[in-house]
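Student: Provided below for reference: sequence and predicted model.
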Amino acid sequence: MEIADLLAPEAIFADMRAAAKKQALTEMATRAGQVTGLHERRIHEAVWERERLGSTGLGGGIAIPHARMATLGRLHGVFARLANPIDFDAVDDRPVDLIFMLLAPEGAGADHLTALARISRALRDRALVEKLRATDNADALYAMITAPSRSQAA
């Protein structure tokens with residue numbers, strides 16, 4: 001599974017301006033609603049419910065909020081590069097400036113975990129993260145984050 005399987009070009013925020021975690025998740029839920037056809041409020045509630053279990057701020061300025069939704073037909077993602085880092089209650093207490101929201105069907109099981117692992121692996125690549133932070137062009141961000149993984153590239 002590649003990130004391009006999860007993410008559409010219109011699901012990219014190149015320079016999101018959010019003052020807080022809740023605002024960022026609300027804006028991302030709105031975009032996810034446009035991409036998935038689901039109501040943004042249901043998406044926000046599902047993601048926020050998962051976030052209450054424990055922060056999805058992984059450290060290093062990166063967060064991967066995620067949720068499972070019964071009415072979703074396939075995995076979807078929304079990516080945001082924030083103009084200014086925000087507090088996300090991350091494990092390292094550092095503010096977050098790169099957020100990848102993942103939405104999965106309720107029964108996605110292994111596919112959900114595979115997607116989370118793929119996103120996490122990509123966002124642990126320091127060179128990629130530096131490039132993502134260095135541009136506020138949506139097309140460039142999409143091309144960088146959806147480039148085939150090195151381990152699967154021919």
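Tutor: Here it is on my side, so go on.

Student: which stretches of the protein have low pLDDT?
Tutor: The chain contains residues with pLDDT under 70 at 149-154.

Student: centroid-nearest residue for it?
Tutor: By CA atoms, centre = their mean, the chain has its centre lying nearest to residue 100, at 1.1 Å.

Student: how close does that one get to residue 114?
Tutor: In this view, residue 100 and residue 114 are 14 Å apart by CB to CB, to the nearest Å. To be clear about C-beta, it is placed using only N, CA and C from the backbone, and glycine gets the same treatment.

Student: secondary structure element holding the residue nearest to the centre of the chain?
Tutor: In the assignment (DSSP states H and E), residue 100 maps to strand 96-105.

Student: dump the C-alpha coordinates for that strand into PDB.
Tutor: Taking C-alpha atoms only, strand 96-105 is exported to PDB below (Å, rounded to 0.1, in the frame of the first residue of the first chain):
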ATOM      1  CA  VAL A  96       3.300  19.800  15.600                       C
ATOM      2  CA  ASP A  97       3.500  21.200  12.100                       C
ATOM      3  CA  LEU A  98       2.800  18.100   9.900                       C
ATOM      4  CA  ILE A  99      -0.500  16.300  10.300                       C
ATOM      5  CA  PHE A 100      -1.700  13.300   8.400                       C
ATOM      6  CA  MET A 101      -5.300  12.400   9.200                       C
ATOM      7  CA  LEU A 102      -6.200   8.800   8.300                       C
ATOM      8  CA  LEU A 103      -9.800   7.600   8.100                       C
ATOM      9  CA  ALA A 104     -10.600   3.900   7.700                       C
ATOM     10  CA  PRO A 105     -13.700   1.700   7.300                       C
END
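
Student: quick one: the helices in the chain?
Tutor: 21-36, 40-53, 109-123, 126-134, 138-146 (DSSP state H).

Student: and these, which is most packed in?
Tutor: helix 21-36 (a mean of 20; mean count of other CB atoms under 10 Å).

Student: which residues touch it?
Tutor: Identification of contacts with helix 21-36 by CB atoms under 8 Å, 6 or more residues apart in numbering yields 8, 10-11, 13, 16, 18, 38-41, 43-44, 47-48, 51, 65, 72, 76, 78, 80, 82, 86-89, 96, 99, 101, 103.

Student: same thing but at 7 Å, please
Tutor: Helix 21-36 is contacted by residues 8, 10-11, 13, 16, 18, 39-40, 43-44, 47-48, 65, 72, 76, 78, 80, 82, 86-88, 99, 101, 103 when judged by CB atoms under 7 Å, 6 or more residues apart in numbering.
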